[in-house]
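Asks: Following is a predicted model, sequence given first.
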Amino acid sequence: MSAEKIKVPSVLFVCLGNICRSPTAHGVFEHLVEQAGLTGKIQIDSAGVADWHTGKAPDKRSQQYAAKRGYDLSHLRARQVVLEDFTTFDLLLAMDGNNLKHLLEMSPPEHRHKVKLFLEFAEGVNEREVPDPYYGEGEGFELVLDLVDNACQGLLNFFRRQYAL
């Protein structure tokens, strides 16, 4: 008799190129999950809808601003969303409306309910989208971190409630 593998809850953070917003969310959420003593109890990954940066580390500015807050993104590498992600992950969280549209178009119909905007998990913010900081300056990366910190805490609370963690 073989033991059945228990599937852990999972989340995939998605932005355009997987070098700014989604790896920031990935790293922040990993950190929060670790701090909560839940390492290994939630599967975490990130990807981009485009393949421009596949295999590359997060943007140096994303890493720099994240490190100032105690988050390490250096181990992450960009990849593109693939069809299997829709069966692998319980949630696919888009950073903005364009990413959401792309994911919904790509998703098999039976998995579309898993695709949401990431900021749906943020509390007390009016923004619906995490703005892309790539072409801006430092304040854009700080804003991304503020929004991501908030939404990741809300997401962790969701996982705790939903999966009794």
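Replies: Received the coordinates, thanks. Residues are numbered from 1 along each chain as shown.
Asks: residues in contact with Ala122?
Replies: Leu147, Asn150, Ala151, Gly154 (C-beta atoms under 8 Å, 6 or more residues apart in numbering). Bear in mind the C-beta positions are built from the backbone N, C-alpha and C, glycine included.
Asks: Give me the buried positions along the longest helix along the chain.
Replies: Counting by DSSP state H, the longest helix found in the chain is helix 138-163. Buried residues in helix 138-163, counting neighbours by 16 or more other C-beta atoms under 10 Å, are found at 140-141, 143-145, 147-156, 159.
Asks: from those, which single one is nearest Ser107?
Replies: If you rank these by distance to Ser107 using C-beta to C-beta, Leu155 comes first, at 19.6 Å.
Asks: now that closest one, nearest residue through space, not along the chain?
Replies: Phe121 (4.3 Å; C-beta to C-beta, 6 or more residues apart in numbering).
Asks: What are the contacting residues of stretch 40-54?
Replies: Applying C-beta under 8 Å, 6+ apart, the contact partners of stretch 40-54 are 8-19, 22-23, 25-26, 29-30, 33, 76, 78-82, 85, 89, 99, 102-103, 106, 159, 165.
Asks: coming back round to it: what's the pLDDT at the residue nearest to Leu155?
Replies: On the pLDDT scale, Phe121 is placed at 98.
Asks: Same check on Leu145?
Replies: If you check Leu145, the pLDDT there is 98.
Asks: these two touch, right, it and Tyr65?
Replies: Yes: the pair Leu145 / Tyr65 is scored as a contact, 6.0 Å apart, by C-beta atoms under 8 Å.
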